[in-house]
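3D model of this:
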Amino acid sequence: MSDASRETPGTTADTEGPEPVRPDAVDAITAQWSAVRPDLETTPMAVFGRIYRIARSMGAATELAYGRYGISRGEFDVVATLRRSGAPYTLSPRRLSATLMLTTGGMTGRLDKLEKAGLLRRTPDPHDRRGLQVTITDRGLALVDEAVTAGVEVQRAALTGLDDEEVRILTGLLRKLLAGI
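Numbers count the residues shown, from 1 in each chain. Here you go, the predicted model:
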């Protein structure tokens with residue numbers, strides 16, 4: 001990052017496009033670090049500070065959207081994973097745990113709550129006497145289809161400050177960043 005963009009955080013020097021962007025809390029933090037540690041390159045802090053703040057804000061917003069359907073974001077993830085798997089919308093608890101990066105104990109708690117709510121059912125696995133299958137119910141299918149639409153609308157609203165090309169570029173850059181991590 002050039003010294004000019006470091007001195008004027010939040011201006012067009014750090015963004016592509018004609019409109020200046022107002023400084024934010026991350027700019028204040030990086031400016032403070034630059035003042036007390038001028039040797040410290042704060043660009044990574046600016047990138048990941050914003051990613052962290054976006055993730056927290058969007059997590060809270062989607063939690064509210066899913067809450068209107070009586071489920072948490074974590075519970076949504078379970079029924080959404082079953083929905084995305086395609087008909088017959090059935091996976092093993094182990095496969096669900098692996099897909100969602102959850103411990104088996106964490107998955108059991110979610111499955112218990114979702115089964116009690118009538119959004120999924122657990123049945124013996126016909127191919128493995130020791131195993132179970134988890135299947136989304138018709139009620140769960142209808143609920144997740146409504147909830148995913150609500151969640152996408154929250155995400156779409158967050159992107160309204162970007163044009164289609166900026167969204168495409170941001171998507172590619174984030175994909176590249178994630179692949180490198």
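
Next, the contact list for the residue located most distally from the centre of the chain, please.
In the chain, Arg129 marks the outermost C-alpha relative to the chain mean, sitting 35.6 Å out by CA atoms, centre = their mean. Neighbouring residues of Arg129 by CB atoms under 8 Å, 6 or more residues apart in numbering: there are none. C-betas here are computed from N, CA, C, even on glycine.

Tell me if it really is in a strand.
Yes. The secondary structure assignment for Arg129 places it in a strand, going by DSSP: H, G, I helix; E, B strand; the rest coil.

Could you tell me how far it is located from Pro88?
20 Å (CB to CB, to the nearest Å).

Low-confidence bits of this protein, can you list those?
For the chain, applying pLDDT under 70 flags the ranges 1-18.

make it 50
Within the chain, the stretches with pLDDT under 50 are 1-13.

What lies in contact with the helix ranked longest in it?
When the chain is parsed with DSSP state H, its longest helix is helix 43-67. Outside helix 43-67, the residues that touch it by CB under 8 Å, 6+ apart are 1, 9, 14, 24-27, 29-30, 33, 72-73, 75-76, 147, 150-151, 153-155, 158.

what are the ranges of the helices in this structure?
Assigned by DSSP H, the chain shows helices spanning 3-7, 25-36, 43-67, 73-84, 93-100, 104-116, 138-158, 164-180.

what about these, which gets the closest to Asp125?
When the helices of the chain are compared by CB to CB, helix 93-100 sits nearest Asp125, at 9.8 Å.

returning to that earlier point: spell out for me the ChimeraX command that would select the buried members of the contacts of helix 43-67.
Here is the ChimeraX command that selects the buried residues among the contacts of helix 43-67 (16 or more other CB atoms under 10 Å):
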select :9,14,26,27,30,73,75,76,147,150,151,154
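
Indicate which one of the helices of the chain is closest to Arg122.
Going by CB to CB, the one of the helices of the chain nearest Arg122 is helix 104-116, 6.1 Å.

Which other helices and strands does that closest one contact?
When contacts are defined as 3 or more CB pairs under 8 Å, 6 or more residues apart in numbering; DSSP states H and E, helix 104-116 packs onto helix 73-84, helix 93-100, strand 120-125.

Just the buried positions in the longest one, please.
Looking back up the chat, that one is helix 73-84. Going through helix 73-84 with 16+ other CB under 10 Å, the ones that come out buried are Arg73, Gly74, Glu75, Phe76, Asp77, Val78, Val79, Ala80, Thr81, Leu82, Arg83.
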